[in-house]
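Peer 1: Need a 3D model of the following:
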Amino acid sequence: MAYDVNAIRKHFPALEGGAAHFDGPGGTQVPDAVAEAVSSTLCAAIANRGTVTAAERRADGVVREARQAAADLLGARPEGVVFGRSMTQLTYDFSRALAKDWREGDEVVVTRLDHDANIRPWMQAAESRGVTVRWADFDPATGELSTSSISSLLTDRTRLVAVTAAANLLGTRPDIPAITAAVREAGALSYVDGVHLTPHTPVDVVALGADFYACSPYKFLGPHHGLLVAAPELLETLRPDKLLPSSNAVPERFELGTLPYELLAGTTAAVDFLADLVPGEGDRRERLRTSLEALEAHEDALLQRMDNGLAQLSRVVRYGSPTRRRTPTVLFSVTDSTPQAVYEHLATRGVNAPASTFYAIECSRHLGLGDTGAVRAGIAPYTTAAEVDLLLNAVAEL
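Peer 2: Model prediction:
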């Protein structure tokens, strides 16, 4: 069945404000079902998880449902789903836990394509253990990160490779299955940042070969927190710092303090909303694949429209290759206008497309954009062709 963006937009109260939101890579707007799930959970009787009172059972049910929803979304197992404050916080926690087994002379690999949340935690953990950090570079002309740029760095001392599944600045999608296969062959672990990939395509962490896969529900129509998935057997081998009375069971041993039940309920609602973007049959996992494939086709068509429109504007400089497979994300600048000036001009036209490095500081520097970055326009499930044209017309005015 066709993707009906106008029907979908009716579920987003924030869109009534009239702005065209191209700021989804930094956080999407949320549908009414998500807000209602958060609100109803906050308003219901709830307590710490348990089995005695109705409030305890409600909390336990919220957590279990959210783990299953995340597992269905990512092709993982619910007992391998870990929730945290954010992807950044989870990555710091896991970098410290993994680093306990590193020894001086070991190596970790990071890439210049990544968000800093998948770089700095590993660098700092490596420094604390006397471990060498090796850098994989991408091609600044195309924005592409080749498999060989990582595989050529692997040695018998490599302990972990941190790599993005899709670059939040450029939308570049490295060949993660090929990369993780090389990493596994070298006897190392892979930590994949899926924050920017998850909102735009069906994800199967088993097919990707990721040992750890982290993402953020607020990038796929949900509330503000983070989650990570891994094989429960792998999680069993890790011993994070934790409070003595807290559970040592997996995945609870990685979840510090009481979980935000209302946010977990909102995440379940977001996954259900994604599963029903287009009517389909089957279980939630099957419906997610059908809906996300339709979403990907919708977003790819709008991305081509945006790419073609920007290509006709002589003063626009595009970064990355418009001919390579990527998420629906465009990074650009306008000659003789600062990124901030472009951002502010677009805002006066009702177009929200911010300018920054968006924490992909190494990527921005490697592109020659320094610590200023450029303007980023991202397409989301609620984006329309008319909004793309509005952005193009506003840029053309410059």
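Peer 1: what residues are up against the closest residue to Gly80 other than its chain neighbours?
Peer 2: Spatially, and ignoring its direct neighbours in sequence, Gly80 is nearest to Pro232 (4.6 Å; Cβ to Cβ, 6 or more residues apart in numbering). (Glycine included, C-beta is placed from N, CA and C.) If a contact means Cβ atoms under 8 Å, 6 or more residues apart in numbering, then Pro232 has 77, 79-80, 250-251 as its contacts.
Peer 1: Next: Ala47.
Peer 2: Ala47 neighbours (Cβ under 8 Å, 6+ apart): 53, 55-56, 58-59.
Peer 1: Torsion angles phi and psi at it?
Peer 2: phi -150, psi -180 (degrees, to the nearest 10).
Peer 1: The stretch 251-398 of the chain: helices as residue ranges?
Peer 2: Counting by DSSP state H, counting those that start in this stretch, the stretch 251-398 of the chain has these helices, from start to end: 261-275, 284-311, 339-348, 361-366, 385-396.
Peer 1: Of all these, which one is nearest Ala207?
Peer 2: Among the helices of the stretch 251-398 of the chain, helix 284-311 comes nearest to Ala207, with 11.8 Å by Cβ to Cβ.
Peer 1: For Asp156, pull up the helix or strand it's in.
Peer 2: Per DSSP states H and E: Asp156 is located in neither a helix nor a strand.
Peer 1: repeat for the one 5 residues further on
Peer 2: Taking DSSP H and E as the criterion, Val161 maps to strand 158-164.
Peer 1: what does Tyr191 give?
Peer 2: Tyr191 belongs to strand 189-193, assigned by DSSP H and E.
Peer 1: tell me what the helix or strand following that strand is packed against?
Peer 2: Scanning forward in sequence from strand 189-193 by DSSP H and E, the next helix or strand is helix 205-208. When contacts are defined as 3 or more Cβ pairs under 8 Å, 6 or more residues apart in numbering; DSSP states H and E, helix 205-208 packs onto helix 176-185.
Peer 1: May I have the residues that are in contact with the closest residue in space to His345 that isn't next to it in sequence?
Peer 2: Distances taken as Cβ to Cβ, 6+ apart place Leu398 nearest to His345, at 6.3 Å, with adjacent residues excluded. When contacts are counted by Cβ under 8 Å, 6+ apart, Leu398 touches 315, 334, 337, 342, 345.
Peer 1: coming back round to it: just want the angle from the strand holding Val161 to strand 189-193.
Peer 2: Going by axes from the mean of the first three to the mean of the last three Cα atoms, to 10 degrees, strand 158-164 is angled at 20 degrees with respect to strand 189-193.
Peer 1: okay, the helices of the stretch 251-398 of the chain, which one's buried deepest?
Peer 2: When the helices of the stretch 251-398 of the chain are scored by mean count of other Cβ atoms under 10 Å, the highest mean neighbour count falls to helix 261-275 (a mean of 25).
Peer 1: Name the surrounding residues that touch that one.
Peer 2: 11, 30-31, 33-42, 46, 59, 62-63, 65-66, 69-70, 72-73, 83, 217, 220-225, 227, 284, 287-288, 291-292, 295, 381.
Peer 1: Helices - which of the residues you listed land there?
Peer 2: Among these, the members found in helices (DSSP state H) are 33-42, 59, 62-63, 65-66, 69-70, 72-73, 284, 287-288, 291-292, 295.
Peer 1: Kindly give a single PyMOL line that selects the buried subset of the residues you listed.
Peer 2: Remark: buried members of the ones in helices among the contacts of helix 261-275, expressed as a PyMOL selection using 16 or more other Cβ atoms under 10 Å:
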select buried, resi 33+34+35+37+38+41+59+62+63+65+66+69+70+72+73+284+287+288+291+292+295
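Peer 1: picking up where we left off before, just put the helices of the stretch 251-398 of the chain in a markdown table and tack on distance to Val330 and mean pLDDT.
Peer 2: Output for these, formatted as a markdown table (distance: least, Cβ to Cβ, whole Å; pLDDT from 0 to 100):
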| stretch | distance to Val330 | mean pLDDT |
| --- | --- | --- |
| helix 261-275 | 23 | 98 |
| helix 284-311 | 6 | 98 |
| helix 339-348 | 12 | 98 |
| helix 361-366 | 15 | 98 |
| helix 385-396 | 9 | 98 |
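Peer 1: Between those helices, which one is closest to Thr111.
Peer 2: helix 361-366 (8.1 Å).
Peer 1: what about that closest one, distance to the chain center?
Peer 2: Here the centre of helix 361-366 is set off from its chain's centre by 18 Å, with Cα atoms, centre = their mean, to the nearest Å.
Peer 1: which helices and strands sit right next to that helix?
Peer 2: Helix 361-366 sits against no helix or strand, with contacts defined as 3+ Cβ pairs under 8 Å, 6+ apart.
Peer 1: switch the cut-off to 10 Å
Peer 2: Counting by 3 or more Cβ pairs under 10 Å, 6 or more residues apart in numbering; DSSP states H and E, the packing neighbours recorded for helix 361-366 are strand 107-111.
Peer 1: Below-threshold pLDDT in the stretch 1-150 of the chain: ranges please.
Peer 2: In the predicted model of the stretch 1-150 of the chain, residues 1 satisfy pLDDT under 70.
Peer 1: So the closest residue to Thr268 other than its chain neighbours versus Val81, what's the distance?
Peer 2: In this structure, Thr268 finds its nearest non-sequential neighbour in Ala69, 4.2 Å apart by Cβ to Cβ, 6+ apart. For Ala69, the distance to Val81 equals 9 Å [Cβ to Cβ, to the nearest Å].
Peer 1: Over to Val342?
Peer 2: Taken as Cβ to Cβ, the span from Val342 to Val81 is 40 Å.
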